[in-house]
Every structure is written in structure tokens, then in C-alpha cells.
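J.: Okay, here's the prediction I keep looking at, along with the sequence it came from:
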Amino acid sequence: MELANPITVWVCLGIILMLSEIVIPGGIVILLGSSCLIVASALGLGVIEGMAQSLTLWFISSMVLLLSFRHVTQRLVGGDSHVDNTDEELDLYNQQAIVKETIGPGQQTGRISCLGSDWTALGDGSEIKSGTKVRIICRDNIALVVEPLLE
């Protein structure tokens with residue numbers, strides 16, 4: 001077997017890709033390597049000949065294997081999947097904050113400090129003085145609506 005033989009090249013490429021699955025997990029590279037072995041088999045059986053037909057068969061068999069067996073390899077290989085809360089408003093509701101700049105009276109906005117950041121805040125219409133502890137109840141456009149905590 002000489003190295004320039006196309007069958008040998010496809011077999012070696014397939015084995016290298018399949019072994020690289022150890023380094024690059026995910027279940028994709030092993031299917032691409034399997035496609036290389038399919039091409040080598042087709043070349044050995046005389047079904048195809050030439051580089052253009054080899055690459056076409058590799059591309060088609062890769063797509064078929066990926067679409068058919070991707071869910072199987074994902075189940076075997078697994079992976080890390082973690083879904084976090086992407087709605088940061090939910091994290092703000094019912095949080096306690098300190099008024100940094102007096103809120104009110106009426107619709108006059110002030111500033112609060114919550115979770116390490118300063119936010120624009122609205123009150124219930126009454127004046128909420130600086131230094132007062134408040135609770136965030138909702139959001140109105142870009143301002144947080146707060147109410148004073150009763151201690």
C-alpha cells in the first residue's frame with residue numbers, strides 16, 4: 001500500500017478524524033471520519049473513481065450522517081447546557097434598595113442604589129427622602145417603581 005493511493009488517504013483521514021473526537025468532543029468529527037471510510041469503501045469497490053466523485057460522495061454522506069445521527073451522538077457525548085434567567089427584571093423585583101437622590105413628590109424621579117448599581121426610580125407620588133430603604137415593585141419604562149419599607 002502506497003501513501004499516494006486514494007483509498008489509503010481516505011482511510012487514514014477517516015481514522016484521524018475519528019480519533020480526534022477524543023480531543024474535540026461533540027459527536028460531529030466522528031461522523032465526518034465515518035464519511036471518509038464510506039468514500040474509501042466506495043473507491044475500493046469501484047463504485048466511484050476520481051477526486052471529484054470522492055469529494056461529492058464525502059459531502060453527501062457527511063450531510064446524511066450528520067442529519068441522521070447527530071441526535072444519537074449528542075445523547076452519547078452529552079455536553080454542558082445550563083439555562084440562566086435572561087430577564088434581569090425578575091432579579092430586581094422585591095429587592096431592597098437605598099434612595100440616593102430624593103424621589104418625588106409626584107412624578108419627579110430620583111436615584112436608588114440596588115445590586116451595586118444606581119437606577120432611576122419613581123415613587124407612589126409622595127416624597128421619599130434620601131437614605132430611605134425602599135422595595136422595588138415594578139418597572140415603568142426605564143425607571144424602577146419603588147415603595148418605602150415600613151420598619
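T.: Cool, got the structure. Please read these numbers as outputs of a predicted model, since none were measured by experiment.
J.: ranges for the strands of the protein?
T.: Ranges of strands in the chain, per DSSP state E, are 96-101, 110-114, 117-122, 133-140, 143-148.
J.: For residue 23, find the nearest of the ones you listed.
T.: strand 117-122 (41.8 Å; Cβ to Cβ). All C-beta spots, glycine's among them, are computed from the backbone N, C-alpha and C.
J.: Please name whichever of the strands of the chain is nearest to residue 15.
T.: The closest of those to residue 15 is strand 117-122. By Cβ to Cβ, the value is 54.5 Å.
J.: Nearest to residue 72, out of the strands of the chain?
T.: Comparison of the strands of the chain against residue 72 by Cβ to Cβ identifies strand 133-140 as nearest, at 44.6 Å.
J.: and the closest one with strand 117-122, angle?
T.: 70 degrees (axes from the mean of the first three to the mean of the last three Cα atoms, to 10 degrees).
J.: Show me what counts as buried in strand 133-140.
T.: For strand 133-140, burial by neighbour count (16 or more other Cβ atoms under 10 Å) applies to 134, 136.
J.: how distant is it from the center of its chain?
T.: Strand 133-140 has its C-alpha centroid displaced from the chain centroid by 31 Å (Cα atoms, centre = their mean, to the nearest Å).
J.: What strands line up against that strand, and which way round?
T.: strand 96-101 (antiparallel), strand 143-148 (antiparallel) (DSSP bridges).
J.: and for that strand, what are the contacting residues?
T.: Here strand 133-140 makes contact (Cβ atoms under 8 Å, 6 or more residues apart in numbering) with 89, 92-99, 103, 112, 114, 121-123, 128, 144-149, 151.
J.: so residue 146 bridges to which residues?
T.: In this entry, residue 146 is beta-bridged to residue 136, by DSSP bridges.
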